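# Here you go, sequence then predicted model.
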Amino acid sequence: MGATAAFSSILTGSIVSSLLSASTCRRNFFIPINLARTLASTQSPFRHIHKHHICNAAHRNLSCESTASADVSTDSSISTSNNNSYPPYGRLLPCPSQNGPPRVEHFVVTEGGPVLDYISKSLNIPSPFVADLIHFGAVFYALVCPDPPPTATPEQIKFFKEYTDPSLLRKRSSIKGKTFREAQKTFRISRTDEFVETGTYLRVHVHPKRFPRCYEIDWRSRVIAVAESYVVLDKPAGTSVGGTTDNIEESCVTFTTRALGLEAPLITTHQIDNCTEGCVVLARTKEYCSVFHGKIREKKVKKLYLALAAAPVSIGVITHYMRPVNIAPRLVSEDLVNGWHLCQLEVLECRKVPWPSSIAEEKNRVEDCGWPSKDFAYECKVNLLTGRTHQIRAQFAACGAPLVGDSMYMPAAVAEVDRPELNPFGKNKKEYASDDIKAVAVEEWIARHGKEPIVAIGLQACKISWDSDEEQHSYEAGRPWWR
């Protein structure tokens, strides 16, 4: 037990980031009626959550071949208390208004059995809550546990080697014909009755990221167009297009699929940030999803944005280079840096408008990020020439014109106004005596940024268009939230 807890603790921090791109099994987008009613009738368990890293139990392995239907209890009164400073767990719905701190548990299965029962007993969590986690896509497995990080202790490495010993792995028929790396790939568990065998690695996101806005939206009214091969949605701010690593239930594809009464789930073709609203294209078939991806690669899809900036921006093409690190905040430089990605956008218009009213900001939960003057804002029409994550947000902030409500980039822009030399990639950057000194300055600059916005910022994907063999497709979003 002690060895298992020790191994669990090393996985919680550094290994989870490498697993966030886990492959997914096909899932059912339509909740059974009795489960939906039960979910809607219970109280949220997310209150006074404390972060927890070490799991108290060992764990097991899984096979995706089960075909029996899941038997999910509808007893909404079930809850449990434990000695880990967590509140009682009931069900995942109703959706809490705020997200609690993350809780990710890691297991290596020591005795095979149904995955729902195993997790419930190991974490002392009610079976209905575990069933909800599986339905949300918050439970993952790998046939063989991932490599321990460089910071692992000798005891932790010993535990890893014990469960990956070749003599033990040769006895497992589930991994025959697979390389070691193939057996370490993670997949999403989609059924509550999946069988997990001894030696399997499990990862459970006990507190998945939640999207309460999904339950506030009239999704049918947000649909711009329904074609034979695709649907165009005016995505609301504060929602995820295709879901997150630990929550594929509360997403635009899921709620739009249900709103339209479609049998086959819609498929994500491209992304915009959770805090951005506007046009997204959702494919109705895998074939059209592939076609649309091809149009994006060939730069045949044109996207126009409305950006509400806190300061004016010059008309014309703006060029930066983005650091090739796949975590926020995204750092950009006006100067070419070896290995950094080209970022270009074209500002077509920039007009002075009143700053959004307090009523509009409150309705859309726009955050006050400390910008000193809130009399006027600047609405800019932007042609996105390259499609980098956070590109408009990062480039506008680098120009001293962060977007209204952007709690990640505006705090750094405010700090740079007071102390221009803070930005190691800005116009007033210092000359650094060594790479180590510059690395410290970069970390300090990153620390000046804030957290990701909760709901809306001043950014809308206002128009999307592309050509096909027969016709041109062009769609526009409704009025942005600030008008």
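Cool, the structure landed.
# most centrally placed residue in the chain?
By C-alpha atoms, centre = their mean, the mean C-alpha position of the chain lies nearest to Thr244, the distance being 3.7 Å.
# That one touches Lys209, doesn't it?
Yes. The pair Thr244 / Lys209 is scored as a contact, 5.0 Å apart, by C-beta atoms under 8 Å. To be clear about C-beta, it is placed using only N, CA and C from the backbone, and glycine gets the same treatment.
# Check which helices and strands the host helix or strand of Leu342 sits against.
Following DSSP states H and E, one finds Leu342 within strand 341-354. Under the contact criterion of 3 or more C-beta pairs under 8 Å, 6 or more residues apart in numbering; DSSP states H and E, strand 341-354 touches strand 301-309, strand 316-322, strand 376-384, helix 391-398.
# Go through these and pick out the most buried.
Highest mean neighbour count of the helices and strands packed on strand 341-354: helix 391-398, a mean of 26 (counted as mean count of other C-beta atoms under 10 Å).
# Mind giving me the packing neighbours of that helix?
Short answer (3+ C-beta pairs under 8 Å, 6+ apart): helix 391-398 packs on strand 301-309, strand 316-322, strand 332-333, strand 341-354, strand 376-384, helix 410-418.
# what about Glu443, how many neighbours?
Neighbourhood size, Glu443 [other C-beta atoms under 10 Å]: 10.
# could I get the helix or strand where it lies in PDB with only the CA atoms?
Secondary structure assignment for Glu443, by DSSP H and E: helix 435-447. The C-alpha trace of helix 435-447 is given here as PDB (Å, rounded to 0.1, in the frame of the first residue of the first chain):
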ATOM      1  CA  ASP A 435      21.300  33.500 -20.900                       C
ATOM      2  CA  ASP A 436      20.700  32.600 -17.300                       C
ATOM      3  CA  ILE A 437      19.900  36.200 -16.400                       C
ATOM      4  CA  LYS A 438      17.500  36.500 -19.300                       C
ATOM      5  CA  ALA A 439      15.800  33.200 -18.300                       C
ATOM      6  CA  VAL A 440      15.100  34.700 -14.900                       C
ATOM      7  CA  ALA A 441      13.700  37.800 -16.600                       C
ATOM      8  CA  VAL A 442      11.400  35.600 -18.800                       C
ATOM      9  CA  GLU A 443      10.100  33.800 -15.700                       C
ATOM     10  CA  GLU A 444       9.400  37.100 -14.000                       C
ATOM     11  CA  TRP A 445       7.600  38.300 -17.200                       C
ATOM     12  CA  ILE A 446       5.400  35.200 -17.300                       C
ATOM     13  CA  ALA A 447       4.600  35.800 -13.600                       C
END
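# Use 7 as the first number for this chain going forward.
Okay, residue one is now 7; in that scheme the one you just asked about reads as helix 441-453.
# nearest to Pro93, of the helices and strands packed on helix 397-404?
helix 416-424 (31.7 Å; C-beta to C-beta).
# Show me the helices in this structure, by range?
Along the chain, counting by DSSP state H, helices occupy 8-16, 39-46, 121-129, 133-142, 160-169, 172-175, 186-189, 258-266, 292-303, 364-369, 397-404, 416-424, 441-453.
# Would you convert the ones you listed into JSON lines that also reports distance to Ser246 and mean pLDDT?
Shown next, in JSON lines, are these (distance: least, C-beta to C-beta, whole Å; pLDDT from 0 to 100):
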{"stretch": "helix 8-16", "distance to Ser246": "28", "mean pLDDT": "42"}
{"stretch": "helix 39-46", "distance to Ser246": "19", "mean pLDDT": "34"}
{"stretch": "helix 121-129", "distance to Ser246": "24", "mean pLDDT": "95"}
{"stretch": "helix 133-142", "distance to Ser246": "12", "mean pLDDT": "97"}
{"stretch": "helix 160-169", "distance to Ser246": "33", "mean pLDDT": "84"}
{"stretch": "helix 172-175", "distance to Ser246": "37", "mean pLDDT": "88"}
{"stretch": "helix 186-189", "distance to Ser246": "29", "mean pLDDT": "93"}
{"stretch": "helix 258-266", "distance to Ser246": "7", "mean pLDDT": "98"}
{"stretch": "helix 292-303", "distance to Ser246": "17", "mean pLDDT": "95"}
{"stretch": "helix 364-369", "distance to Ser246": "20", "mean pLDDT": "94"}
{"stretch": "helix 397-404", "distance to Ser246": "17", "mean pLDDT": "98"}
{"stretch": "helix 416-424", "distance to Ser246": "22", "mean pLDDT": "95"}
{"stretch": "helix 441-453", "distance to Ser246": "24", "mean pLDDT": "95"}
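# Could you say which of these is packed most deeply?
Across those, averaging neighbours per residue (mean count of other C-beta under 10 Å) puts helix 397-404 on top, at a mean of 26.
# In CSV, list the C-alpha atoms belonging to stretch 362-377.
This file holds the C-alpha atoms of stretch 362-377, laid out as CSV (Å, rounded to 0.1, in the frame of the first residue of the first chain):
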residue,chain,number,x,y,z
PRO,A,362,-18.9,48.2,-22.4
SER,A,363,-21.5,49.1,-19.8
SER,A,364,-21.3,47.6,-16.3
ILE,A,365,-24.5,45.7,-17.1
ALA,A,366,-23.0,44.1,-20.2
GLU,A,367,-19.8,43.2,-18.3
GLU,A,368,-21.7,41.7,-15.4
LYS,A,369,-24.0,39.7,-17.7
ASN,A,370,-21.0,38.2,-19.5
ARG,A,371,-18.9,37.9,-16.4
VAL,A,372,-16.1,40.1,-17.8
GLU,A,373,-13.3,40.5,-15.4
ASP,A,374,-11.8,43.8,-14.2
CYS,A,375,-8.2,43.5,-15.1
GLY,A,376,-6.9,46.8,-13.9
TRP,A,377,-6.9,48.9,-17.0
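# what residues does it touch?
Outside of stretch 362-377, the residues within contact range by C-beta atoms under 8 Å, 6 or more residues apart in numbering are 243-244, 314, 316, 383, 408, 410-413, 416-417, 420, 456, 459-464, 487-488.
# where does the protein dip in pLDDT?
Confidence mapping of the chain against pLDDT under 70 gives the ranges 7-91.
# Now with 80, please.
Counting by pLDDT under 80, the chain contains low-confidence residues at 7-93, 162, 165, 475-476.
# My read is that Cys285 contacts Lys241, right?
Yes. Judged on C-beta under 8 Å, Cys285 makes contact with Lys241 at a distance of 7.4 Å.
# overlap in contacts of the two?
By C-beta under 8 Å, 6+ apart, Cys285 and Lys241 have these common neighbours: Ala467.
# Dump the C-alpha coordinates for stretch 262-278 into CSV.
The C-alpha coordinates for stretch 262-278 follow below in CSV (Å, rounded to 0.1, in the frame of the first residue of the first chain):
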residue,chain,number,x,y,z
THR,A,262,-25.6,21.3,-30.2
THR,A,263,-26.0,17.7,-31.2
ARG,A,264,-28.8,17.3,-28.6
ALA,A,265,-30.4,20.7,-29.5
LEU,A,266,-30.7,19.6,-33.2
GLY,A,267,-31.8,16.1,-32.3
LEU,A,268,-29.0,14.5,-34.4
GLU,A,269,-28.4,10.8,-34.1
ALA,A,270,-24.7,11.0,-34.9
PRO,A,271,-22.5,13.4,-32.8
LEU,A,272,-21.1,16.5,-34.4
ILE,A,273,-17.3,16.6,-34.8
THR,A,274,-15.0,19.5,-34.1
THR,A,275,-13.2,20.8,-37.1
HIS,A,276,-11.3,23.8,-35.6
GLN,A,277,-11.0,25.5,-32.2
ILE,A,278,-11.5,29.0,-30.8
